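Student: requesting a structural model of the entry that follows:
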Amino acid sequence: MQSTHVPKILVVDDDDGVRDILLQLLKREGFQNVAAPDGEKGRTAVEREKPDVALLDIRMPGMDGIELLRWIKGREPDLPVVMLTAYAEVRQAVEAMRLGAHDYLSKPFDNHEVVRVVRRALEERKLKWQLREMSLELRGDGYLEKLMGPSDAVRHLAAEVRRVAASGFNVVILGETGSGKELVARAIHRESHRKDGTFVPVDCGAIPETLFESELFGYEKGAFTGADRPRAGKFEAACGGTLLLDEIANMPSACQAKLLRVLQEKQVYRLGSTRSTPVDVRLLAAANEDLHRLAREGDFREDLFYRLNEFCIRIPPLRQRKDDVVYLAKRFLDITNQELKKDVRGFSQGAVEAMLDYSWPGNVRQLRSVTRRAVLMARDLVTRRHLGLRDEDGSLSEDGETETEDLGEPWKDMSLREMVDRKVGELECRVIVGVLGKTGGNKAEAARLLGVDYKTLHTKVKKYGIRPGERKSLHD
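Tutor: Numbering: from 1, shown residues only. Here you go, the predicted structure:
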């Protein structure tokens, strides 16, 4: 974004008084303003005005703020959204954060807090633009090597991607959680003749069983209660491009049969429609389990597996790619420095040794999380203590390094809410790992013991890079 660009802020609230106060405040700060009195008009404003940040009231007649947030994240995923809440709407605010909201503001507002949150959202948007520009520069030769590392294993993986990308084959991508399956899928899309089409990723583990068919194939108005308008499914959204079905082993057997029919006939039927819609889609399927074994054991349709498995790519876990660990950690350090406006110089020798000795059960996702947390806590150099990795006996791995930034003063870089959120996240991760240990990795039973639904637990397991059954994931 150019320095001459004046940020445009969209305010969507049905309360005229609240809307006017926010508009006056934002105008005094030098922002352009756009206002909408309800969700429908807010959606139109997003399409026409292309705002840089959106402020959405949660409770509005018709399309409420949560529904508008869902629409924005499907249409403009990089648009930061800040939710406006009353005190009694904290649960809805938490739900909004889970759906991708940047932050929320409680009524009555503190003017300084409003400005701070909006400016932070603008910084996040700017960073995403910069990272996208960096990724565009990497689209040529060596794309995967630059993003995944310089090891021989990654070079072999990149050669396989180039080989299959030029074909029209369906591809099965196998790898542990956090190893980079979606990254490989995007590389296949970018190097294929469909690169100008849309890449649509679908997390099958995050879709309730009752919604699979409508999510994939779409529905017509009146197909079920709440279907007040027709909606295209993921297959239609990916037409002319590539569709990634991530964690496909979680797909219910009934939906597997319908998916097989779509692959055979290359057409879909929306729920509530008797008319078929042709679809031209390349299908990629990813799993963290051996689909062939699941098919042999009857836990996945064997005919669907063979239809999908025209070519198979296996991503080696990070513990088998030691040459990539420090490379990736330095890359994550640079990105986090830019995000936090810090100047952490690098890693101590002890930190490097700790990273190379660790088995990384959460793979690259865990390495990224550990590095980001370490950069947040460090001032000059990341030490072994900042990494917080644990030895096999569960004790903290230390090397006698005593740099002054071990404890630091986090309040200088974080608000109270940010400090609390980080600590709550650490506690949440420990509790989930402990319960999964008691259930032998059974997520359904763990969800029951924790009093949450399976989808919520699955999302958190993926977020924290937890591998059920490995207790040391507690200390990632």
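Student: any idea how far apart the tips of stretch 291-307 sit?
Tutor: With Cα to Cα, to the nearest Å applied, stretch 291-307 spans 12 Å between its terminal residues.
Student: now that stretch: buried residues?
Tutor: Leu291, His292, Leu294, Ala295, Phe300, Arg301, Leu304, Phe305, Arg307 (16 or more other Cβ atoms under 10 Å). No exception for glycine: its C-beta is placed from N, CA and C like everyone else's.
Student: now these in a markdown table, with distance to Arg120 and pLDDT?
Tutor: Shown next, in a markdown table, are the buried residues of stretch 291-307 (distance: Cβ to Cβ, whole Å; pLDDT from 0 to 100):
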| residue | distance to Arg120 | pLDDT |
| --- | --- | --- |
| Leu291 | 42 | 92 |
| His292 | 47 | 92 |
| Leu294 | 44 | 93 |
| Ala295 | 48 | 93 |
| Phe300 | 44 | 94 |
| Arg301 | 47 | 94 |
| Leu304 | 45 | 95 |
| Phe305 | 46 | 95 |
| Arg307 | 47 | 94 |
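Student: make a markdown table out of the residues you listed and add distance to Leu427 and secondary structure.
Tutor: Converted to a markdown table, those look like this (distance: Cβ to Cβ, whole Å; DSSP: H, G, I helix; E, B strand; the rest coil):
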| residue | distance to Leu427 | secondary structure |
| --- | --- | --- |
| Leu291 | 35 | helix |
| His292 | 39 | helix |
| Leu294 | 34 | helix |
| Ala295 | 39 | helix |
| Phe300 | 36 | coil |
| Arg301 | 40 | coil |
| Leu304 | 40 | helix |
| Phe305 | 40 | helix |
| Arg307 | 44 | helix |
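Student: next, format those residues as a markdown table and append distance to Thr456.
Tutor: Listed next are these as a markdown table, based on distance: Cβ to Cβ, whole Å:
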| residue | distance to Thr456 |
| --- | --- |
| Leu291 | 25 |
| His292 | 30 |
| Leu294 | 24 |
| Ala295 | 29 |
| Phe300 | 24 |
| Arg301 | 27 |
| Leu304 | 28 |
| Phe305 | 29 |
| Arg307 | 32 |
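Student: ok, so of the residues you listed, who is nearest Leu449?
Tutor: Ranked by distance to Leu449 (Cβ to Cβ), the buried residues of stretch 291-307 are led by Leu294 at 25.7 Å.
Student: surely that closest one and Phe300 touch.
Tutor: Yes: with contact defined as Cβ atoms under 8 Å, Leu294 and Phe300 form a contacting pair (4.0 Å).
Student: which neighbours do those two share?
Tutor: Ala249 (Cβ atoms under 8 Å, 6 or more residues apart in numbering).
Student: if you rank every helix and strand of the protein by mean pLDDT, what lands last?
Tutor: Lowest by mean pLDDT, DSSP states H and E among the helices and strands of the chain is helix 416-438, with a mean of 74.
Student: which element follows that helix toward the C-terminus?
Tutor: Proceeding N to C from helix 416-438, the next assigned helix or strand is helix 443-450, under DSSP states H and E.
Student: tell me which helix or strand comes right after that following helix.
Tutor: helix 454-464.
Student: how about that following helix: buried residues?
Tutor: For helix 454-464, the neighbour count (16+ other Cβ under 10 Å) marks Tyr454, Leu457, His458, Thr459, Lys460, Val461, Lys462, Tyr464 as buried.
Student: quick one, what contacts the fourth one?
Tutor: Going by Cβ under 8 Å, 6+ apart, Thr459 touches Arg98, Ala206.
Student: please redo it, this time with the cut-off set to 6 Å
Tutor: Contacts for Thr459 (Cβ atoms under 6 Å, 6 or more residues apart in numbering) come out as Ala206.
Student: and the gap between it and Pro208?
Tutor: Distance of Thr459 to Pro208, given as Cβ to Cβ, to the nearest Å: 12 Å.
Student: kindly report the same for the last one.
Tutor: In this structure, Tyr464 and Pro208 are 21 Å apart, going by Cβ to Cβ.
Student: what's the answer for the fifth one, then?
Tutor: For Lys460, the distance to Pro208 (Cβ to Cβ) stands at 16 Å.
Student: so Val200 is in which element?
Tutor: strand 199-203.
Student: show me where the stretch 251-400 of the chain has helices.
Tutor: 253-265, 291-296, 302-308, 322-340, 349-357, 363-377, 384-387 (DSSP state H, counting those that start in this stretch).
Student: elements contacting the longest one?
Tutor: Packed against helix 322-340, as judged by 3 or more Cβ pairs under 6 Å, 6 or more residues apart in numbering; DSSP states H and E, are the following elements: helix 349-357, helix 363-377.
Student: let's see it at 8 Å
Tutor: Helices and strands in packing contact with helix 322-340 are listed as helix 111-137, helix 152-165, strand 346-347, helix 349-357, helix 363-377; criterion 3 or more Cβ pairs under 8 Å, 6 or more residues apart in numbering; DSSP states H and E.
Student: hmm, who's touching it?
Tutor: With Cβ under 8 Å, 6+ apart, helix 322-340 has contacts from 127, 130-131, 148-154, 318, 342-344, 346-347, 352, 355-356, 360, 364, 367-368, 371-372, 375-376, 382, 413.
Student: that one to helix 349-357, inter-axis angle?
Tutor: 120 degrees (axes from the mean of the first three to the mean of the last three Cα atoms, to 10 degrees).
Student: off-centre distance for helix 322-340?
Tutor: The chain centroid and the centroid of helix 322-340 are separated by 18 Å under Cα atoms, centre = their mean, to the nearest Å.
Student: for that helix, what is the average pLDDT?
Tutor: The average pLDDT for helix 322-340 rounds to 92.
Student: likewise stretch 182-192?
Tutor: Mean pLDDT, stretch 182-192: 94.
Student: how about it: buried residues?
Tutor: The neighbour-count check on stretch 182-192 (16+ other Cβ under 10 Å) flags Val184, Ala185, Arg186, Ala187, Ile188, His189, Arg190, Glu191, Ser192 as buried.
Student: state the helix or strand in which Arg91 lies.
Tutor: helix 90-98.
Student: for Ser273, find the nearest of the helices and strands packed on helix 322-340.
Tutor: Per Cβ to Cβ, nearest to Ser273 of those: helix 152-165, 33.8 Å.
Student: what is the closest one packed up against?
Tutor: Counting by 3+ Cβ pairs under 8 Å, 6+ apart, helix 152-165 packs on helix 143-148, helix 181-190, strand 311-314, helix 322-340.
Student: any chance of those in JSON lines with distance to Leu283 as columns?
Tutor: Formatted as JSON lines, the helices and strands packed on helix 152-165 follow (distance: least, Cβ to Cβ, whole Å):
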{"stretch": "helix 143-148", "distance to Leu283": "21"}
{"stretch": "helix 181-190", "distance to Leu283": "10"}
{"stretch": "strand 311-314", "distance to Leu283": "12"}
{"stretch": "helix 322-340", "distance to Leu283": "28"}
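Student: do you know which of these lies nearest Val172?
Tutor: Here strand 311-314 is closest among the helices and strands packed on helix 152-165 (Cβ to Cβ), at 4.7 Å.
Student: fine by me, thanks again.
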